[in-house]
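Engineer: whatever this is, show me its structure:
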Amino acid sequence: SSGINAEYGRASEQEVRDVLEQRTQEELTTELSVSIYDTARNDTAKKRREEIERKKRDDEARREEMELDYLAPFLARIGDPAQMTADLAEQLKNDCLKDLTTRLVDMANLIQGRFEKETQQLQWKQNWYQQNQTTMTKEEEEEYVSYCSEAMFRIHILEERLNRHKELAPQKYVALESRLRNDNRLSEFLN
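Structural biologist: Numbers count the residues shown, from 1 in each chain. Next up, the predicted model:
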């Protein structure tokens, strides 16, 4: 019986040694995994974030460049001529101003359309309320009041946007016309 116990004891000691050896190996070769949500330590996420930020900076730089060179798209349309003429300068100026006018009118129409749509929806809801107010529950009446309040707020905001747009549109036109007259590429040909 003591021989069997000694044998079990040696087997247990060997098992303990094996487990300790395995643990030692695991500690030596431990490679922590970084959570995909830990973007500060996750190299893949970090590289992706840096790439997105770089693209954003590039896009902003391109947009600023395009804003600075408002003639670029119009020059490109006519083949980016090497030599400027009075007729070409006048055409570029007119094209730029026409494009601005179109964009300003489109924006005014968009705001006006949204304003009219909101007003029509509110009018429809008010008519509906007039027809159904006697049979409405308290909850439906509260929903109606809430809707009217939100709709009036949206209508007010749209009305302010439209008025501001109408106020700024002529100023934007005059500013662009001035910038075109003072542009080095056009100024000597425009009087």
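Engineer: which of the helices or strands spans Leu190?
Structural biologist: Counting by DSSP states H and E, no helix or strand carries Leu190.
Engineer: wait, isn't it in contact with Ser178?
Structural biologist: No: in this structure, Leu190 is not within contact of Ser178 by CB atoms under 8 Å, at 11.0 Å. Where C-beta positions appear, they are placed from N, C-alpha and C, glycine not excepted.
Engineer: which residue of these two possesses the greater neighbour count?
Structural biologist: Just comparing Leu190 and Ser178: by other CB atoms under 10 Å the higher neighbour count belongs to Leu190, 15 against 10.
Engineer: average model confidence for the strand or helix carrying Gln25?
Structural biologist: In this assignment (DSSP H and E), Gln25 forms part of helix 2-28. The pLDDT scores in helix 2-28 average 78.
Engineer: what residues of it count as buried?
Structural biologist: Buried residues in helix 2-28, defined by neighbour count with 16 or more other CB atoms under 10 Å: none.
Engineer: ok, which stretches of the chain are helices?
Structural biologist: 2-28, 43-68, 72-77, 86-132, 138-182 (DSSP state H).
Engineer: re the thing from before, the helix holding Gln25 packs against which elements?
Structural biologist: Taking 3 or more CB pairs under 8 Å, 6 or more residues apart in numbering; DSSP states H and E as contact, there are no helices or strands that helix 2-28 lies on.
Engineer: chain center to that helix: distance?
Structural biologist: Taking CA atoms, centre = their mean, to the nearest Å, the mean C-alpha location of helix 2-28 is offset from the chain mean by 62 Å.
Engineer: worst mean pLDDT among the helices of the chain?
Structural biologist: For the helices of the chain, the weakest mean pLDDT is recorded on helix 43-68, namely a mean of 74.
Engineer: list the buried residues in stretch 183-191.
Structural biologist: Quick answer for stretch 183-191 (16+ other CB under 10 Å): 183, 186.
Engineer: only C-alpha atoms, please: export it in CSV.
Structural biologist: Extracted C-alpha coordinates of stretch 183-191, given in CSV (Å, rounded to 0.1, in the frame of the first residue of the first chain):
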residue,chain,number,x,y,z
ASP,A,183,-8.3,88.4,-60.0
ASN,A,184,-4.8,88.7,-61.5
ARG,A,185,-5.8,86.5,-64.4
LEU,A,186,-8.8,88.6,-65.4
SER,A,187,-8.2,92.2,-64.0
GLU,A,188,-6.3,93.5,-67.0
PHE,A,189,-9.1,92.5,-69.4
LEU,A,190,-12.1,93.6,-67.3
ASN,A,191,-12.9,97.3,-67.1
